[in-house]
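Participant: Sequence and predicted structure, then a few things I'm wondering about:
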Amino acid sequence: MRNLALILLLLTSGLAWAEEPELGPLIEGYGPTYSISDKDVALPKDQHYKAVFDLADYAGAPESLNRSLESVARFLNMHVRNGVKPEAMDLAVVVHGAAVQSLLNNDAYRQRHGQDNPSLDLLTKLHDAGVQVYVCGQSLAFRGVAKTELAEPVQLSLSAMTMLTVLQSQGYALLPW
């Protein structure tokens with residue numbers, strides 16, 4: 001029993017030493033990341049990052065932030081924290097499926113869920129950082145969402161499939177988040 005207690009103490013004390021993630025610095029309040037000081041692979045100098053995030057899921061209750069959308073903030077924050085200039089990153093988000101609800105303006109979100117959109121502040125900060133956000137027109141039509149119900153930074157595309165194809169043909173790497 002004493003050995004078991006010692007093992008548990010050692011295991012749990014290691015957890016207490018674990019570093020806490022940091023928010024920001026580019027997208028304040030979002031995108032927690034950890035500092036990795038002993039990495040074996042250095043970030044390439046003069047790399048220009050072009051990535052498109054494919055978001056379809058919206059797990060959680062209506063009062064929950066879309067965590068898949070927060071992955072975009074993590075990408076920005078961790079790279080800026082490691083010396084990449086924001087202008088060296090071209091990011092886009094293509095949203096379809098259940099995730100379209102995270103793109104609604106507050107009026108439309110309140111009508112559907114009785115509260116403000118918890119992802120709207122993050123969406124605005126991403127847009128202010130230069131992230132382009134596209135929504136699938138097919139998903140909107142299927143879900144009965146009008147273009148006027150979308151938050152201002154969102155751009156309506158014919159379909160997610162089309163937008164992903166176009167962006168990848170322009171050199172964007174697909175991140176299926």
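Facilitator: The structure has been received and is ready for your questions.

Participant: As a check, name the ranges of all helices in this structure.
Facilitator: 2-17, 67-81, 106-113, 120-128, 137-143, 160-169 (DSSP state H).

Participant: where does this protein dip in pLDDT?
Facilitator: Applying pLDDT under 70 to the chain flags residues 1-18, 59.

Participant: Go ahead and confirm His127 touches Asp121.
Facilitator: No - shown here, His127 and Asp121 do not form a contact pair, counting by Cβ atoms under 8 Å, at 10.9 Å. Yep, even glycine has a C-beta here, placed from its N, CA and C like the rest.

Participant: ok, the two, which is more surrounded?
Facilitator: More crowded of His127 and Asp121, by other Cβ atoms under 10 Å: His127, with 16 against 13.

Participant: Skipping adjacent residues, who's closest to that one in space?
Facilitator: Leaving aside its sequence neighbours, His127 sits nearest to Pro153 (Cβ to Cβ, 6 or more residues apart in numbering; 3.5 Å).

Participant: Gln168 now?
Facilitator: Once flanking residues are discounted, Gln168 sits nearest to Leu174: 5.9 Å by Cβ to Cβ, 6+ apart.

Participant: repeat for Leu150
Facilitator: Among residues not flanking Leu150 along the chain, Leu103 sits closest, at 5.5 Å (Cβ to Cβ, 6+ apart).

Participant: Could you report the neighbour count for the spatially closest residue to Leu91 that is not a sequence neighbour?
Facilitator: Closest residue to Leu91 apart from its sequence neighbours, by Cβ to Cβ, 6+ apart: Val131 at 4.7 Å. Number of residues near Val131 (other Cβ under 10 Å) recorded here: 23.

Participant: And Val131, how far from Arg143?
Facilitator: Applying Cβ to Cβ, to the nearest Å, the value for Val131 to Arg143 is 23 Å.

Participant: repeat for Ala51
Facilitator: 26 Å.
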